[in-house]
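A.B. asks: fold the stuff below for me.
(one chain, ligands or ions: 1)
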Amino acid sequence: MLLVVAAIGFFGILPGLADRTANVAAPGPYAASERAVALVQSSLVIDLHADSFLWGRDLLARSAHGHVDLPRMVEGNVALQVFAAPTKTPAGINFERNSSDAADIMTPLVVAQRWPLRTWGSLRERALFQLERFEEAAERSEGRLRVLRSRGDLDAFLAEREGDPDLAAGLMALEGLHALEGELESVDRLFEAGYRMLGLAHFFDNEASGSSAGEEKHGLTELGRAVIARMEELGLTVDLAHAASASIRDVLAIATEPMVVSHTGVQATCPGPRNLTDDEIIGIAELGGVIGVAYFEGAVCDTSPRGIVRAMRHVRDLVGSRHIALGSDFDGSVTTVFDSTGVPLVVDALLEDGFDEDEVRMILGGNALRVLRQTLPE
Ligand SMILES: [Zn+2]
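C.D. replies: Purely as a prediction, here's the structure:
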């Protein structure tokens, strides 16, 4: 009996409880100005990072917890959400120093959610399964949620959405090259499955790249260099979020395509190894890349819309508004002061800070669109 009760707790309650405690937002509706709401409703909105497919939630149904689902994307006029797949979380996770050998605390979540057996011991399978969950949701949505794989998909989706604002799309991204399991061929495997963006690292150093929270914080390895070259050949966008400074330097020296930093802060407004230095921001801008500013404390220190805009203002003053994007980190085990429907709050803070409407539209989605159109395969 006790075992049954424990099993019900483990399989029935734990995943929902983990989601509820990890992904917290102040509930809407939010007090934004009419002008900000109108600006968001008439702009293309793209967010560069959410970990929504890690959790058990149905993305087609509106949830009272978490940050992203289809109804909230539609209400908030978020046209495109980049969905990222984390595949391993080290025990004792922190922003300073995590061992690559630390126990993986994602495994209990994977088991408790009854993911297929093949995902229990394989990080690559965990990545592939999260894409399958996205595809399954898209299939059930009867066309309302799309999986984008090419520039053609993106352009066709945007054209169709002009006449039907209830449509939303996603693009699949990986959070950390440890999921390659040391194999260059995994890049092709993930691309063929439908992945279109790869983040170099998560919270620990891996076989291809150092992490800003790793032990060595090393640069690109030989495998890492080959991965970057292969990604540019295939049309996979490079994501420098969580990468060690040495690794960012190495990528900037060899990359020819613009990249994203999908969810980050800047050290000028929120110091710490997780966030970008001015030299990194300048190097990324020189290649035409965009910096997605995240909404959680470790990125912006002050999670109010004004605090988020302070990071954006710094990027603007350094390299211009062309290099700023939204990079919430929604559903990434973070607490934020709004969910997918709250982007108008950021717009109010941008307008108050003196950004003009053209700049606001670029930040909301124009800049991210420019990079995706340049990096996605035809
Ligand atoms: Zn992250």
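A.B. asks: what number of residues lie near Asp153?
C.D. replies: The local packing of Asp153 (other CB atoms under 10 Å) involves 17 other residues. For glycine as for every other residue, the C-beta is placed from the backbone atoms N, C-alpha and C.
A.B. asks: quick one: it and Arg146 touch, right?
C.D. replies: Yes: under the criterion of CB atoms under 8 Å, Asp153 makes contact with Arg146 at 7.2 Å.
A.B. asks: need the residues touching each of these two.
C.D. replies: Residues touching both Asp153 and Arg146 (CB atoms under 8 Å, 6 or more residues apart in numbering): none.
A.B. asks: SS state for Arg14?
C.D. replies: Arg isn't right for residue 14; it's Leu. helix (DSSP: H, G, I helix; E, B strand; the rest coil).
A.B. asks: spit out the contact partners of it.
C.D. replies: 108-109, 112.
A.B. asks: do that again at 10 Å, thanks
C.D. replies: 8, 56, 108-109, 111-113 (CB atoms under 10 Å, 6 or more residues apart in numbering).
A.B. asks: pLDDT wise, what is it at?
C.D. replies: Leu14 is assigned 74 on the pLDDT scale.
A.B. asks: use 32 as the first number for this chain going forward.
C.D. replies: With 32 as the first residue, the last one maps to Leu45.
A.B. asks: how close does it get to Leu208?
C.D. replies: 29 Å (CB to CB, to the nearest Å).
A.B. asks: kindly report the same for Ala232.
C.D. replies: 7 Å.
A.B. asks: overlap in contacts of the two?
C.D. replies: 239-240, 242, 255, 274.
A.B. asks: quick one: stretch 100-119 to chain centroid distance?
C.D. replies: Distance of stretch 100-119 from the chain centroid (CA atoms, centre = their mean, to the nearest Å) equals 9 Å.
A.B. asks: tell me the secondary structure at Leu79.
C.D. replies: Applying three-state DSSP: Leu79 is strand.
A.B. asks: who are the neighbours in contact with it?
C.D. replies: Here Leu79 is in contact with 111-113, 115, 202, 204, 228, 268, 270, 272, 291-295, 321-325, 356-360, 396, 398-399, 402-403 (CB under 10 Å, 6+ apart).
A.B. asks: now do 7 Å
C.D. replies: 113, 291, 293-294, 323, 356-358, 399 (CB atoms under 7 Å, 6 or more residues apart in numbering).
A.B. asks: among these, which pair sits farthest apart?
C.D. replies: Greatest spatial distance in the contacts of Leu79: His294 and Ala399, 12.2 Å, computed using CB to CB.
A.B. asks: who's more crowded, those two?
C.D. replies: When His294 and Ala399 are compared for neighbours, His294 comes out ahead with 33 against 27, by other CB under 10 Å.
A.B. asks: make a markdown table out of the shared contacts of Ala232 and Leu208 and add secondary structure and neighbour count.
C.D. replies: Shown next, in a markdown table, are the shared contacts of Ala232 and Leu208 (DSSP: H, G, I helix; E, B strand; the rest coil; neighbours: other CB atoms under 10 Å):
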| residue | secondary structure | neighbour count |
| --- | --- | --- |
| Ala239 | coil | 26 |
| Ser240 | coil | 32 |
| Ser242 | strand | 29 |
| Gly255 | helix | 26 |
| Ala274 | strand | 32 |
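A.B. asks: which parts of the stretch 132-281 of the chain are helices?
C.D. replies: 138-143, 154-171, 182-194, 216-224, 253-265, 276-285 (DSSP state H, counting those that start in this stretch).
A.B. asks: so how far is Arg280 from Asp310?
C.D. replies: 9 Å.
A.B. asks: go on, Glu166?
C.D. replies: 36 Å.
A.B. asks: what distance do you get for the residue nearest to Tyr61 when sequence neighbours are not counted to Val109?
C.D. replies: Leaving aside its sequence neighbours, Tyr61 sits nearest to Gly373 (CB to CB, 6 or more residues apart in numbering; 4.7 Å). In this structure, Gly373 and Val109 are 10 Å apart, going by CB to CB.
A.B. asks: tell me which residues touch Trp86, please.
C.D. replies: So Trp86 contacts 50, 97, 362 (CB under 7 Å, 6+ apart).
A.B. asks: can you check the pLDDT for the most centrally placed residue in the chain?
C.D. replies: Central residue of the chain (CA atoms, centre = their mean): His80, 1.7 Å from the mean position. His80 carries a pLDDT value of 98.
A.B. asks: what of Met32?
C.D. replies: 59.
A.B. asks: identify the residues contacting stretch 163-172?
C.D. replies: Residues contacting stretch 163-172 (CB under 7 Å, 6+ apart): 84, 90-91, 101, 114, 176-178, 201, 203.
A.B. asks: give me the buried subset of those residues.
C.D. replies: 84, 90, 101, 114, 176-178, 201, 203 (16 or more other CB atoms under 10 Å).
A.B. asks: need those residues in TSV (columns: distance to Val377 and pLDDT).
C.D. replies: Formatted as TSV, those follow (distance: CB to CB, whole Å; pLDDT from 0 to 100):
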residue	distance to Val377	pLDDT
Phe84	24	93
Leu90	22	96
Leu101	21	98
Phe114	20	98
Leu176	23	98
Arg177	25	98
Val178	26	98
Gly201	20	98
Met203	25	98
